Structures are given as C-alpha cells and as structure tokens.
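> how would this look folded up:
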Amino acid sequence: MAQIKSKEQYDAIMARIDELFFATDENTPKDDKRLLELDALSAMVEEYEKEHFPVQTPSLSNTIVTRMNERNYTQKELASLLGMSAPRLCDIIGGKKTPTYDQARTISKKLDIDPVIVLAL
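As a prediction, this is how the structure comes out:
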C-alpha cells in the first residue's frame, strides 16, 4: 500500500476524503470506484496518523476530574461516593498516590472509567 510521505500530501488526501465522503452514502454500491478510493485513502490516513498523531491514554487524574465536573460533584462528595477520605482522593488526583486495587475497582465502576486508565496499563 502507498504511504503518505508529507504533511502536504496528508492535507491533500484529507481534502479528497472530504469530497468522496460527501459524494457517497449508505446506498453507494460497495464496488463503486469512489467508495473503493475512499477506503484506500482512509487506510493510508490511518497509518499516517498512528505515526504522526498518536493518541495517548488519558491520565487517571484528568479522567477523575472530568467525571467530577460532568457530574457536578465536589471533591468531598466524590470522595464519599468512592468510599475514601477527601485527602486520599486529593492525593490520587494530584498523582502523589496510586489507588489500591479495591479503590481502583470502585473508581472504575462508580465513575465508569476504563480499568486500563485506572490501573495505568
């Protein structure tokens, strides 16, 4: 498969993907040349983006703070919900301490946070 070699080439391919995306829909036959081109270009972009724009796993601290804000909890309310002291939660959010296994499981379940994030795997 061809590879994208520069940012300029990436930008041009992204513009072509936009064109093809709006020129096709769910009724476009799978063997339509536009859809085949869209699939090929999308695969090239995916490979380029993996190398040049890697997605990092979010930190536990940022994820907890995001959930706390989404659900309008104070840190004290969140600590109570999680069954831990406010200072302990503060230390976890601040990165000074890591949660115990039981705390990690509770954080994951009660805040709907992927265990990979909670356990920093």
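
> now the element after the biggest helix by length in the chain, going C-ward?
Of all segments of type helix in the chain, defined using DSSP state H, the longest is helix 33-52. Next helix or strand after helix 33-52 toward the C-terminus (DSSP states H and E): helix 60-70.

> check which residues of that following helix are buried.
Within helix 60-70, the residues that count as buried by 16 or more other Cβ atoms under 10 Å are L60, T63, I64, R67, M68. Every residue, glycine included, has its C-beta placed from N, CA and C.

> list the contacts of the third one.
Under the criterion of Cβ atoms under 8 Å, 6 or more residues apart in numbering, the contact list for I64 reads L78, L89, I92, I93, I107, L111, I113.

> re the thing from before, give the other helices and strands that the longest helix of the chain contacts.
If contacts are counted by 3 or more Cβ pairs under 8 Å, 6 or more residues apart in numbering; DSSP states H and E, helix 33-52 sits against helix 7-23.

> that older thread, among the contacts of I64, which are in strands?
Residues of the contacts of I64 located in strands (DSSP state E): none.

> ok, so of these, who is nearest V45?
Minimum separation from V45 among the contacts of I64 (Cβ to Cβ) is found for I113, which lies at 29.4 Å.

> skipping adjacent residues, who's closest to the closest one in space?
Once flanking residues are discounted, I113 sits nearest to T63: 5.3 Å by Cβ to Cβ, 6 or more residues apart in numbering.

> test my guess that the one you found contacts P115.
No: in this structure, T63 is not within contact of P115 by Cβ atoms under 8 Å, at 11.6 Å.

> on that earlier part again, quick one: residues in contact with the longest helix of the chain.
Outside helix 33-52, the residues that touch it by Cβ under 8 Å, 6+ apart are 1-4, 10, 13-14, 16-17, 20-21, 23-24, 28-29.

> dump it to PDB, keeping only the CA atoms.
The C-alpha coordinates for helix 33-52 follow below in PDB (Å, rounded to 0.1, in the frame of the first residue of the first chain):
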ATOM      1  CA  LYS A  33     -14.800   3.400  -7.600                       C
ATOM      2  CA  ARG A  34     -15.400   6.400  -5.300                       C
ATOM      3  CA  LEU A  35     -16.100   4.200  -2.300                       C
ATOM      4  CA  LEU A  36     -13.100   2.000  -3.100                       C
ATOM      5  CA  GLU A  37     -10.900   5.100  -3.300                       C
ATOM      6  CA  LEU A  38     -12.300   6.400   0.000                       C
ATOM      7  CA  ASP A  39     -11.500   3.100   1.700                       C
ATOM      8  CA  ALA A  40      -7.900   3.100   0.300                       C
ATOM      9  CA  LEU A  41      -7.200   6.700   1.300                       C
ATOM     10  CA  SER A  42      -8.700   6.300   4.700                       C
ATOM     11  CA  ALA A  43      -6.400   3.400   5.400                       C
ATOM     12  CA  MET A  44      -3.400   5.500   4.300                       C
ATOM     13  CA  VAL A  45      -4.500   8.300   6.600                       C
ATOM     14  CA  GLU A  46      -5.000   5.900   9.500                       C
ATOM     15  CA  GLU A  47      -1.400   4.700   9.200                       C
ATOM     16  CA  TYR A  48       0.000   8.200   8.900                       C
ATOM     17  CA  GLU A  49      -2.000   9.400  11.900                       C
ATOM     18  CA  LYS A  50      -0.800   6.500  14.000                       C
ATOM     19  CA  GLU A  51       2.700   7.500  13.400                       C
ATOM     20  CA  HIS A  52       2.400  11.300  13.500                       C
END
